[in-house]
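Undergrad: Pasting the sequence and the predicted model now:
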Amino acid sequence: MTAAENVCYTLINVPMDSEPPSEISLKNDLEKGDVKSKTEALKKVIIMILNGEKLPGLLMTIIRFVLPLQDHTIKKLLLVFWEIVPKTTPDGRLLHEMILVCDAYRKDLQHPNEFIRGSTLRFLCKLKEAELLEPLMPAIRACLEHRHSYVRRNAVLAIYTIYRNFEHLIPDAPELIHDFLVNEKDASCKRNAFMMLIHADQDRALDYLSTCIDQVQTFGDILQLVIVELIYKVCHANPSERARFIRCIYNLLQSSSPAVKYEAAGTLVTLSSAPTAIKAAAQCYIDLIIKESDNNVKLIVLDRLIELKEHPAHERVLQDLVMDILRVLSTPDLEVRKKTLQLALDLVSSRNVEELVIVLKKEVIKTNNVSEHEDTDKYRQLLVRTLHSCSVRFPDMAANVIPVLMEFLSDNNEAAAADVLEFVREAIQRFDNLRMLIVEKMLEVFHAIKSVNLTLEYLCTKTDSILHPNNLMIPIVESEIKKEAGELKPEEEITVGPVQKLVTEMGTYATQSALSSSRPTKKEEDRPPLRGFLLDGDFFVAASLATTLTKIALRYVALVQEKKKQNSFVAEAMLLMATILHLGKSSLPKKPITDDDVDRISLCLKVLSECSPLMNDIFNKECRQSLSHMLSAKLEEEKLSQKKESEKRNVTVQPDDPISFMQLTAKNEMNCKEDQFQLSLLAAMGNTQRKEAADPLASKLNKVTQLTGFSDPVYAEAYVHVNQYDIVLDVLVVNQTSDTLQNCTLELATLGDLKLVEKPSPLTLAPHDFANIKANVKVASTENGIIFGNIVYDVSGAASDRNCVVLSDIHIDIMDYIQPATCTDAEFRQMWAEFEWENKVTVNTNMIDLNDYLQHILKSTNMKCLTPEKALSGYCGFMAANLYARSIFGEDALANVSIEKPIHQGPDAAVTGHIRIRAKSQGMALSLGDKINLSQKKTSI
């Protein structure tokens, strides 16, 4: 058995820079040194043994010169030493020297100092040699009656481990501990004794619990936790016992300990699906979230509530508790608030939507009174989105929500205001009865809009107010030249920062400058916002303004029959556009107008000058129809995703499925539900049972890597087990020679963000023998890593140097750490602009279908396609899609796929194009690019 496979009870920090001392110097210190020198020497011996040194000559020295000492530090170190030192000969017989050690520990078990007694009892829990334990049994039994609780509770643990490993040494242990439990008063001793009875003799544990079930509320929290575990296990194995213990679980929901309340609520949910039980457990969870200060605890308990919601029968019960769940919003943490709002939104129904909207409106008003903070802005944005979703699902609420949300348009928080505008655009399209109310509100707030992007979105929604002469104060150029002549001072100038490229919703780039200015003067404050944007060089606004002016002018012509008024209105709109063009060509703006914007405004001028029916249809009917199609497609997609989620949760029962009656089911068939305690233990140990695919390639054999050739003297292969933040290499080493290989050592090194935890211990391999060596590697970030190394060994009896076999490289796949994730279009564009590392991958494949290639990339990279399915449907010869994923370390990965099928090369032409990957870290971007390149090469039709 290798060091990596041994059970480790004690972790010791080993300094790597110090030179190991010689055995002679250690022997000298242990024999003739003072207590301090012996302590230091004993520490060095322990570290050397942990590193694989044998040191058999020091065993008798320590027994003669160190074991008789009464110093407490040395006694504690000796416990560690006896835990790790080899106690048997190579053939498995106990060393004769251990008889002396056994006698010393018998005396320590009778020592007047309770610390020495208790520590010795803890050490005995780790012994696996029955010959050493047998003479100590009377002394261990006597410790159960010691005056000090520290000794008694460790005596219980020692008896439990001895009974579990060597039952013949103490066959009456359950009866002994039951009698001890009945008379014991200390909470920690009772807890240990009760835990032993649960695992050793469950019937005795139940008998004891039956005698004191009414006093359970008065017990200490550590004992209550063990009682909850027992009740769960008993009811899981024998459901007929539920009625006997469910009242006890109900009582434990009122415990003063949060841990007991949490476990009791979880147990109650698994034992009963009655609405009263679910409601009591959910109420307990909500109280825990509100009262606990630790945000991690809040998130964990929130996850349990979300799990409850996933069950269709429980969802109805939780809907009545929506108002209680909203009390969690008092927590300042953004992640907790985000999960709470999502849960409330999932549970909202026509019965409680009105109350939900009232609470959310109050929360919105509260955010205006809080000092500005990054989380406050994001929370406001979350509230806006939640109210938006409520209004879409329940149109009757829109009239109450819109007046509150419209106030955000003049807010400094651009993200929240943009969400409001998106909602308003949808509301104008969907709710005809609210159109006048929305228009009035928009006209009120337009003058207070402070952001360029908001003005852009506003222009796409409503433009009546733009024609007011005060909004631009035309003519712009002449009035600005007059101002420049006598009023503007040099120190009030606005400085222009570096130009930044932004991504629009269509995926194209728009140019925007980063402006920094000193405090505006009175004259600057008097300037209308729209005019200020134009003078700052933001002519993208002007292009949008020209389009909306054209639409409204054409609509005015259609509605008003009087020719004079038609001409006057159209002329005013054309004057505005011409003035903007004049301004763009002058030297007044910070940046000149771009050619794209000039073309757009010129086109609008031409359309207004001709007023042809075709252009009228395009601008006023087809544009509106496109918007309507886009919003309806988005709504359909949301409904489809909700339908899929509800179908997942609904358990479908086929007509010919057998009905199971609990009363008629045999005990051995009651394992339909998994043991939650066992599952949580497996998860903590990293042994979660993943559902393997039916494909044999998805089995463990797919993860076996051959490290050496079949003709090498030592054959090696490794099974790579990835468990989130660490990798376990299980290396099989086979001696293919007729010689004995001594000091056969696996030497490993890593490349990338990987770290080898411990050096594997050397082995001795008999001729044609084999052994398994385990090595642990820690992972720190999402990056392709390489593990390489060699196997070195000595041939028994040979005088030559050490032999070496070089191993093949083990490549750690980035896909083990990447999971599909979702984000909004706005968040995607923001991250795309922020992330500095980009990797452009050229498409090089033999696939001929665009959609097949996209699906192949999604499967190969574990990414999720954010582009709606309707946008990808049909065939036009090219395709663009946005992909997104997140690693288990919280790193985001973005990708934009732009591919086309060159039609001129014939129907069998391969897909061409580029995939651009963006990430915050260089390693993530490069690793994802390498993965795509590799999967392209492996593609076959």
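TA: Cool, got the structure.

Undergrad: so residue 148 makes contact with residue 114?
TA: Yes. With contacts counted by CB atoms under 8 Å, residue 148 reaches residue 114, the gap being 4.0 Å. Every residue, glycine included, has its C-beta placed from N, CA and C.

Undergrad: Quickly list the domain ranges of this protein.
TA: Residue ranges for the domains of the chain, per the TED database: 362-446, 703-812, 816-937.

Undergrad: As JSON lines, those with distance to residue 28, mean pLDDT and mean neighbour count would be great.
TA: Shown next, in JSON lines, are these (distance: least, CB to CB, whole Å; pLDDT from 0 to 100; neighbours: other CB atoms under 10 Å):
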{"stretch": "domain 362-446", "distance to residue 28": "64", "mean pLDDT": "75", "mean neighbour count": "18"}
{"stretch": "domain 703-812", "distance to residue 28": "27", "mean pLDDT": "85", "mean neighbour count": "17"}
{"stretch": "domain 816-937", "distance to residue 28": "50", "mean pLDDT": "86", "mean neighbour count": "17"}
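
Undergrad: so which of these gets nearest residue 257?
TA: domain 703-812 (29.8 Å; CB to CB).

Undergrad: Compute the first-to-last residue distance for that closest one.
TA: End-to-end distance for domain 703-812: 10 Å, by CA to CA, to the nearest Å.

Undergrad: Show me the longest helix that occurs in the protein.
TA: Assignment by DSSP state H gives helix 623-649 as the longest helix of the chain.

Undergrad: the helices in the stretch 301-450 of the chain, which residues?
TA: 312-319, 322-325, 334-347, 353-369, 374-393, 398-406, 414-430, 435-445 (DSSP state H, counting those that start in this stretch).

Undergrad: Same check on the stretch 151-300 of the chain?
TA: Counting by DSSP H, counting those that start in this stretch, the helices of the stretch 151-300 of the chain are 173-183, 187-200, 202-211, 221-237, 242-252, 258-271, 275-291, 295-310.

Undergrad: separation between the closest residue to residue 909 other than its chain neighbours and residue 911?
TA: Spatial nearest neighbour of residue 909, chain neighbours left out: residue 902 (5.0 Å); criterion: CB to CB, 6 or more residues apart in numbering. Separation of residue 902 from residue 911 (CB to CB, to the nearest Å) stands at 9 Å.

Undergrad: shared neighbours of those two, anything?
TA: With CB atoms under 8 Å, 6 or more residues apart in numbering applied, the contact sets of residue 902 and residue 911 do not overlap.

Undergrad: gap between the closest residue to residue 334 other than its chain neighbours and residue 554?
TA: In space, and not counting its chain neighbours, residue 334 is closest to residue 375: 4.8 Å by CB to CB, 6+ apart. For residue 375, the distance to residue 554 equals 45 Å [CB to CB].

Undergrad: circling back to that earlier point, in the longest helix of the chain, which residues are buried?
TA: Buried residues in helix 623-649, counted by 16 or more other CB atoms under 10 Å: residue 627.

Undergrad: quick one: residue 132 is in a strand?
TA: No. Counting by DSSP: H, G, I helix; E, B strand; the rest coil, residue 132 is not found in a strand; it is helix.

Undergrad: show me the contacts for the nearest residue to it once chain neighbours are set aside.
TA: Using CB to CB, 6+ apart and skipping the chain neighbours, the partner closest in space to residue 132 is residue 102 (5.3 Å). Contact analysis of residue 102 by CB under 8 Å, 6+ apart lists 132, 135-136.

Undergrad: any idea which element residue 102 lies in?
TA: helix 98-108 (DSSP states H and E).

Undergrad: Need the CA coordinates for that helix. CSV is fine.
TA: Extracted in CSV, the C-alpha atoms of helix 98-108 (Å, rounded to 0.1, in the frame of the first residue of the first chain):
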residue,chain,number,x,y,z
MET,A,98,5.9,-2.9,20.6
ILE,A,99,5.2,-4.9,23.7
LEU,A,100,7.1,-2.2,25.7
VAL,A,101,5.2,0.5,24.0
CYS,A,102,1.9,-1.2,24.9
ASP,A,103,2.9,-1.3,28.5
ALA,A,104,3.7,2.4,28.5
TYR,A,105,0.3,3.3,27.1
ARG,A,106,-1.4,1.1,29.7
LYS,A,107,0.2,3.4,32.3
ASP,A,108,-0.8,6.5,30.4
